[in-house]
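**Q** Compute the structure for the input listed below.
(one chain, ligands or ions: 1)
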Amino acid sequence: MSIHDIVSVLLVGIGFSLSVLVHELGHAILQKMFGLPVSMIEWGSGPRIFKFKVFEMRLIPLRGSVFPNGSTLAKSKWVALVIAAGGILAQWFGMWMIAVSHIYIIPTINIICISYAVAAFVSLLNLIPTRNSDGYFIIKALRRTRGMMNEK
Ligand SMILES: [Zn+2]
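**A** Modelled structure (predicted):
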């Protein structure tokens, strides 16, 4: 493995983990905008690298979570839906911003941006409703009835 290969792997990792960060910030910002609490934004898994207020970075930043889950706290079905979908929407908005900046500002495509975009596509797998995935919370939001909304 040459230095060039190592740098490439690192850049791919940076692009991917930035995409994950944008995803989690998407959930967290929307949650705040709708007046719901955010007690922790976790970026990565494994041992904690640093903590600043509610933000925590962990050793392997390839996944993330926002606590508590705003879509479960939201009183309205549509707020719950927007928060649940907010991670992927933020990632795709970021991808659109990258595309626009490539057209108007930086014409070269770099490996970080490609990796970011790949991660944004991979994030669509998160729509598969497995346990605690975005898709699971989106379906949960869509199935909400008035009775459930009034539950505390
Ligand atoms: Zn998410």
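**Q** So Ile88, which state does it fall into?
**A** What DSSP: H, G, I helix; E, B strand; the rest coil gives for Ile88 is helix.
**Q** Tally up the residues packed near the residue lying closest to it once chain neighbours are set aside, please.
**A** Leaving aside its chain neighbours, Ile88 sits nearest to Ser123 (5.2 Å; criterion: CB to CB, 6 or more residues apart in numbering). (C-beta placed from N, C-alpha, C; glycine too.) For Ser123, the neighbour count with other CB atoms under 10 Å is 19.
**Q** Wait, Ser123 touches Ser19, no?
**A** Yes: the pair Ser123 and Ser19 passes the contact test of CB atoms under 8 Å, sitting 7.2 Å apart.
**Q** which residues do those two both contact?
**A** Shared contacts of Ser123 and Ser19, defined by CB atoms under 8 Å, 6 or more residues apart in numbering, comprise Gln91.
**Q** Does anything pack onto the helix or strand containing Ile103? Which helices or strands?
**A** Per DSSP states H and E, Ile103 falls inside helix 77-104. If you count contacts as 3 or more CB pairs under 8 Å, 6 or more residues apart in numbering; DSSP states H and E, helix 77-104 packs onto helix 3-33, helix 70-73, helix 111-122, helix 134-142.
**Q** nearest to the ion, of the ones you listed?
**A** helix 134-142 (4.1 Å; CB to the ion).
**Q** This protein against the ion: which residues are in contact?
**A** 87, 134 (CB under 5 Å from the ion).
**Q** who's in contact with the residue in the chain positioned nearest to the ion?
**A** Across the chain, no residue is closer to the ion than Gly87, which sits at 3.1 Å (CB to the ion). Counting by CB under 8 Å, 6+ apart, Gly87 makes contact with 23-24, 26-27, 123, 126, 134.
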